[in-house]
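Visitor: here is the input, now give the coordinates:
(chains A and B)
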Amino acid sequence: MKDESILDVLFLSEKRRQILLFLLIGPKTIDDIKTHLNSKSSPIMVQIRILIRNFLIQEKNGVFSLTPLGSYTVREMKYILDMFMIFDTAPEYWAEADFSALPPHLINRIGELGETKLYYPDKAHIFDRTALVEQNLGKVESLIEISSIFRKEYISDFLYLAEQEIAVSFILTQIVIDRLANDYPEVYYKYMRFNNVRFFVCPEIKLASCTITDKFIAMSFFNKGGYFFNHDLVTFDREAKEWGSQMFHHFRSRSTIHQLQE
Amino acid sequence: MNSLIETVFLSEKRKAVLILLFEKGPLTIEKIKSKLNETSVSILPQIKVLVDNNLVVQNDGTYELTTLGEAVAEKVTPFVKNLHVFSKNPKFWSEHDTSEIPENLFNRIREIGDFEIIEIDLRSVYYDPNPIINEYIREADSIKTFITYYAPEYVPVYYERLMAGAPLSITTSDYIVDMAKEYRTEINNLLQLERTELYVCQADIRIAEVTVTDKMLLMVLYSTAGNLDYDFLAARSPSAVQWGNELYEYLKNRSVKRKEI
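Guide: Okay, the predicted model is just below:
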């Protein structure tokens, strides 16, 4: 079958993928391509000839560009590679994590998270928020917390941010709000008085928590057995912004505004 | 543990199993073998690689995708199926301007399924028998046509189908409407009919023609250089007709309804 040959063209050579991804930015000369790949022209010309023969790229006056077929193919290939990179970074983690808690359209776009890192606290800090998140929280200018678990930061770091007039949105389950209101009433009432803090109740949140800020996104999932191991999957990628805002809209649209409960 | 590229794309069989389980849900090994025309010896080692890489899990004698496998298969399947369609004539898809087809429809190009490219000899385009009209339009019981080039050869057959009771929806550019003004009275009379409608768009939409009948889809794209080369894409599957209807609706919605010209 012929379509296998297009897949082979894409996936059997790292060099061809690099050329194609480079051309996704725009048309390039052979010198641009050589410089970009840091390679001599003869091995590159071999790959370029294969790409032309398969109708993925075209040459005009010494400038190489993607054909319409190539544009579609390379764009989609990039989405696939972005997703694969996320999963390949921590394959055991993704095999165990119950990330079906994410809305399907955002699983499909998970590649947008870009470069992710997985952090586990050491034993001396096993119940603490991972140091990296803790350190960076102080620098954020906006904060959205989508969570089905009660975290200690809600009565410490998050409260401090709210006091600094940072915009904070909580999307929580009822039981987590109840815990806050019952066990830490002063904190709860303080939050309720702040104009820059909003509380939403969501009837169902299956992931453990997701902290979306203007600087980073940090997520944690339950594992497939329903257990929680303290960890953070973190991205600082600017490209992840849209994904984060889609997360907020997804859960916000399923939530109601929480009013002060006496 | 392999990279996902290796696991998914470096084996025909593994890719086929992933797509099969994505489309059909959990299957027994017997079903997998018969659907893919494989034997245990040929397919089990590949399924084991999928299991070892956490994409597939065995449960009560059936194989199913894990959450990870589901995410990967959902991403890969549409791409592989679209490439199937493109691969029937990659030259055509590399030489024609598809940028005007909205992304959500272009990403579902697999729905066109089997298609053929019919090259019309320009020297005979106005003379009977025009193969496109003969084979594709003569039998239509409904016609929707988006057209941005001057094609008088369609007029008799559209008139004939209209008189036979077929609804006719035309979306065309202001440029073509201007060219047709010398038949204003006749056209306005036909527009009085309940089953005719006319929409007019700006002339700069870069699709030459999309004609959808109840039975088939015809599409003519401009070349990347902007020329009309009369390569007709024709497809007859119900999903191609559905896809074509959506493309027609999209183009019609970018246009303005006119009761007369």
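
Visitor: please enumerate the helices of the stretch 151-262 of chain A.
Guide: A:157-163, A:174-183, A:185-193, A:241-252 (DSSP state H, counting those that start in this stretch).

Visitor: nearest residue to A:K15 other than its sequence neighbours?
Guide: Spatially, and ignoring its direct neighbours in sequence, A:K15 is nearest to A:Q47 (5.2 Å; C-beta to C-beta, 6 or more residues apart in numbering or on different chains). Glycine gets a C-beta too; all of them are placed from N, C-alpha and C.

Visitor: now A:L37
Guide: Distances taken as C-beta to C-beta, 6+ apart place A:Q18 nearest to A:L37, at 5.8 Å, with adjacent residues excluded.

Visitor: secondary structure element for that neighbour?
Guide: Using DSSP states H and E, A:Q18 maps to helix A:14-25.

Visitor: from what I can see the residue nearest to A:K15 touches A:I19, true?
Guide: Yes. Because the distance of 6.0 Å satisfies C-beta atoms under 8 Å, A:Q47 is recorded as touching A:I19.

Visitor: who has more neighbours out of these two?
Guide: For A:Q47 versus A:I19, the count of surrounding residues by other C-beta atoms under 10 Å in any protein chain shown is larger for A:I19: 25 against 20.

Visitor: and the pLDDT at whichever residue of the stretch 101-250 of chain A sits closest to chain B?
Guide: With C-beta to the nearest C-beta as the measure, the residue in the stretch 101-250 of chain A that lies nearest chain B is A:I107; the distance is 5.0 Å. With respect to pLDDT, A:I107 has a value of 97.

Visitor: ok, how many other residues are close to it?
Guide: A:I107 has 18 neighbours, counted by other C-beta under 10 Å.

Visitor: list the buried residues for the helix or strand hosting it?
Guide: Secondary structure assigned from DSSP H and E places A:I107 in helix A:104-108. Applying a neighbour-count criterion of 16 or more other C-beta atoms under 10 Å in any protein chain shown, the buried positions in helix A:104-108 are A:L106, A:I107, A:N108.

Visitor: so what's the closest residue to the second one other than its chain neighbours up against?
Guide: The one in question is A:I107. When the adjacent residues along the chain are set aside, A:I107 lies closest to B:A71, with 5.0 Å between them (C-beta to C-beta, 6+ apart). Shown here is B:A71, whose contacts under the criterion C-beta atoms under 8 Å, 6 or more residues apart in numbering or on different chains are A:M83, A:F87, A:F99, A:I107, A:N108, A:I110.

Visitor: hang on, the earlier thing: and the buried residues of helix A:104-108, which is closest to A:S41?
Guide: Of all the buried residues of helix A:104-108, the one sitting nearest A:S41 is A:N108; the distance, using C-beta to C-beta, is 38.6 Å.

Visitor: how is the chain divided into domains?
Guide: By default, I'm working from chain A. Domain assignment for chain A by automatic domain parsing gives A:2-77, A:91-257.

Visitor: other chain: chain B
Guide: Residue ranges for the domains of chain B, per automatic domain parsing: B:4-80, B:89-258.

Visitor: the residue nearest to A:K15 and A:L12, how far apart?
Guide: 11 Å (C-beta to C-beta, to the nearest Å).

Visitor: same check, this time on B:K181
Guide: As it turns out, when the distance is counted by C-beta to C-beta, B:K181 lies 57 Å from A:L12.

Visitor: with adjacent residues omitted, what lies nearest to B:E139?
Guide: When the adjacent residues along the chain are set aside, B:E139 lies closest to B:K215, with 6.6 Å between them (C-beta to C-beta, 6+ apart).

Visitor: which strand or helix spans that neighbour?
Guide: Using DSSP H and E, no helix or strand contains B:K215.

Visitor: just the pLDDT at it, thanks.
Guide: Here, the pLDDT recorded for B:K215 equals 94.

Visitor: touching, it and B:V241? I think so.
Guide: Yes. Contact between B:K215 and B:V241 holds when scored by C-beta under 8 Å: they sit 7.1 Å apart.

Visitor: contacting residues around the closest residue to B:P131 other than its chain neighbours?
Guide: Using C-beta to C-beta, 6+ apart and skipping residues adjacent in sequence, the residue nearest B:P131 is B:I118, 6.7 Å away. If you count contacts by C-beta under 8 Å, 6+ apart, B:I118 has them with B:P131, B:I132, B:D231, B:F232, B:A234.

Visitor: and with 7 Å instead?
Guide: With contact taken as C-beta atoms under 7 Å, 6 or more residues apart in numbering or on different chains, B:I118 is in contact with B:P131, B:I132, B:F232, B:A234.

Visitor: count the residues that sit near B:K35.
Guide: For B:K35, the count of nearby residues is 14 (other C-beta under 10 Å).
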